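Colleague: For reference, the sequence and a predicted model appear below.
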Amino acid sequence: MTDTPTQLFIGGAWVDAADGATLPVDDPATGEIIAHVADAGPKDARLAEDAAVGAQDGWARTAPRARSEILRRAYEIIIDRTDELAHLMTAEMGKPLAEARGEVAYAAEFFRWFSEEAVRIDGSAGILPDGRNRMLLSRRPVGPCLLITPWNFPLAMGTRKIGPAIAAGCTMILKPAPQTPLSSLALAAILKEAGLPDGVLNVVPTSRAGEVGEPLLRGGRVRKLSFTGSTQVGRLLLAQCADTVVRTSMELGGNAPFVVFEDADLDKAVDGAMVAKMRNMGEACTAANRFFVHRSVAEEFGRRLAERMGALVVGPGTRDGVDVGPLIDVKGRAKVEELVADAVERGAQVLVGGRTPQGPGCFYPPTVLADVDPESRLMDTEIFGPVAAILTFEDEDEVVRRANDTPWGLVGYLFTEGLDRALRVSERLEVGMVGLNTGLVSNPAAPFGGVKQSGLGREGGRVGIDEFLEYQYLAVPVQ
Ligand code: NAP
């Protein structure tokens, strides 16, 4: 980790912040500072914007095959350096090394996927219905983009945006979360090594997100915002985009229902719950937030889930055998503690966990709550921690209504062995993605995204590149 870059990456060069500011990055397992990273201010944002705007025309005209090959080379470098990148990610974010290695593979796959899409951007040509005009339809890059990412998947949230932007021919400014800038800087170094021209990607970690982001969005030169983060911040950024009509893709928060019907295979349901709840310590927008379990199987499901959750080993992500690392910071853990205390006050039973351990690090134990009151705050708040809250239901209409009774609509999970019910309920759920008898939906080849206040647009899949392309229609009279 000694050679991990800690400066801003602007115009292909590593530079300090113009005012010399730095921000500390700490290890959430110990609270110790592991690096000081250059902390961009408005002047640096302007330089990054100049670099992205200056590189746009040449990059748009670069052959798709050349763009594709840069992505493919970067994919291979990332895979070769899996261990190094996984250690870096665990150090700044906390997730266990095995999960970090999994994220490296997931992140790299966006580059491989979009290297394959870069050479398949097509258009069409034809005679219009009046017979007197031709239409030539082509696709062009949107232009310079601002990419803003959260801390929970430090590498994959970046590659999910950078991959399609490179493939489409857009230049970009990446603003990573201040808790986890090191993975993004390492990624920039890899892309430079893979041959990305100067100015195509610029990375500006900052502790002054508003001062960096707002002038870029209001300035009229950035043509696209791709944001992943909370719905609250997403709303604010949408307002900032309104004045200059900046195009947006918004991957926002979730409040996933996890529904277990009476005809579910409980082995599959408990396995699915472990993934949907515990992936990334519960710090995922796809995390199951509300477990609706049919009354006839709720006790058995709760008992089995509590047994599995209670057997997980909590500790620093670098230690062998650890399943659950620390939460991102003290604030994140305090939120989880408050939500559990509120549910318990309203009568929830703690089947396992629920007590913050003593000592350093932001650890919180895997926790299962049963008989949760539907009025509890965790029903309409993203828990973002290893807490499963179980409620019971009696019939299908009731559970569909309750699952949809939220402003969010990212993902839902269904467990049933009945095909008709599986299809019927999936179609009635107001979500962008459904996991049917599985707790994992994320895949670079599938369109990821939500409806309602979970966002706008999709990332990944065949449609992921569309977010970075515009249509141009050329009218040509038939002579
Ligand atoms: P967040 O507080 O919304 O922050 C996300 C990013 O936005 C960070 O880089 C943050 O930097 C930046 N930001 C905040 N205010 C800004 C402003 N005024 N101008 C420009 N940038 C600004 O979210 P988070 O706590 O990092 O991440 C957790 C959230 O992300 C959850 O809600 C989760 O569901 C969501 N998420 C969604 C998806 C998805 O694909 N739908 C995936 C992962 C996570 P600062 O921290 O410096 O403010």
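Modeller: Great, that's in hand. Worth saying up front: this structure is predicted, and the values here are computed from it rather than measured. Numbers count the residues shown, from 1 in each chain.

Colleague: what about stretch 243-262, how long is it end to end?
Modeller: Counting by C-alpha to C-alpha, to the nearest Å, you get 51 Å between the two ends of stretch 243-262.

Colleague: Break the chain down into its structural domains.
Modeller: 8-252+454-475, 256-443 (automatic domain parsing).

Colleague: Give me the secondary structure label for the closest residue to Gly418 other than its chain neighbours.
Modeller: The shortest distance from Gly418 to any residue other than its chain neighbours is 5.5 Å, reached at Asp263 (C-beta to C-beta, 6 or more residues apart in numbering). In this view, the C-beta of every residue, glycine as well, is placed from N, C-alpha and C. Assigned by DSSP: H, G, I helix; E, B strand; the rest coil, the conformation of Asp263 is coil.

Colleague: Distance of Val275 relative to Asp466?
Modeller: 29 Å (C-beta to C-beta, to the nearest Å).

Colleague: more crowded one of these two?
Modeller: Asp466 (19 against 16; other C-beta atoms under 10 Å).

Colleague: Looks to me like that one is in a helix.
Modeller: Yes. The assignment for Asp466 (three-state DSSP) places it in a helix.

Colleague: got the residues of the stretch 251-400 of the chain near the ligand?
Modeller: Those residues of the stretch 251-400 of the chain that sit near the ligand, judged by C-beta under 6 Å from any ligand atom, are Glu251, Leu252, Gly253, Gly254, Cys285, Glu382.

Colleague: What helix or strand is the fourth one located in?
Modeller: Gly254 belongs to no helix or strand when assigned by DSSP states H and E.

Colleague: Contacts for stretch 347-359, please.
Modeller: 302-303, 305-307, 309-310, 314, 333, 337, 340, 344, 363-373, 376, 386-387, 389 (C-beta atoms under 8 Å, 6 or more residues apart in numbering).

Colleague: ok, the most centrally placed residue in the chain - contacts?
Modeller: Among the residues of the chain, the smallest C-alpha distance to the mean C-alpha position (C-alpha atoms, centre = their mean) belongs to Met157, namely 4.7 Å. Counting by C-beta under 8 Å, 6+ apart, Met157 makes contact with Thr149, Pro150, Thr228.

Colleague: For Gly12, see how far away it is.
Modeller: 23 Å.

Colleague: cool, and Arg304?
Modeller: In terms of C-beta to C-beta, Arg304 sits 54 Å off from Gly12.

Colleague: re the thing from before, and of the contacts of Met157, the nearest to Glu117?
Modeller: Checking those against Glu117 by C-beta to C-beta gives Thr228 as the nearest, at 19.6 Å.

Colleague: Any idea how many residues pack against the closest one?
Modeller: 26.

Colleague: so it touches Trp151, yeah?
Modeller: No. With contact defined as C-beta atoms under 8 Å, Thr228 does not reach Trp151; the gap is 10.4 Å.

Colleague: which SS class is Ile390?
Modeller: Under three-state DSSP, the three-state class of Ile390 is strand.

Colleague: what's across from it in the sheet?
Modeller: Phe291 (DSSP bridges).

Colleague: show me the contacts for it.
Modeller: Phe291, Val293, Ala298, Phe301, Gly302, Leu305, Val368, Leu369, Ala370, Asp371, Val372.

Colleague: now, which of those residues lie within strands?
Modeller: Phe291, Val293, Val368, Leu369, Ala370 (DSSP state E).

Colleague: Pick out the most distant pair among these.
Modeller: Val293 and Leu369 (12.2 Å).

Colleague: Distance-wise, check Glu211 relative to Leu236.
Modeller: 14 Å.
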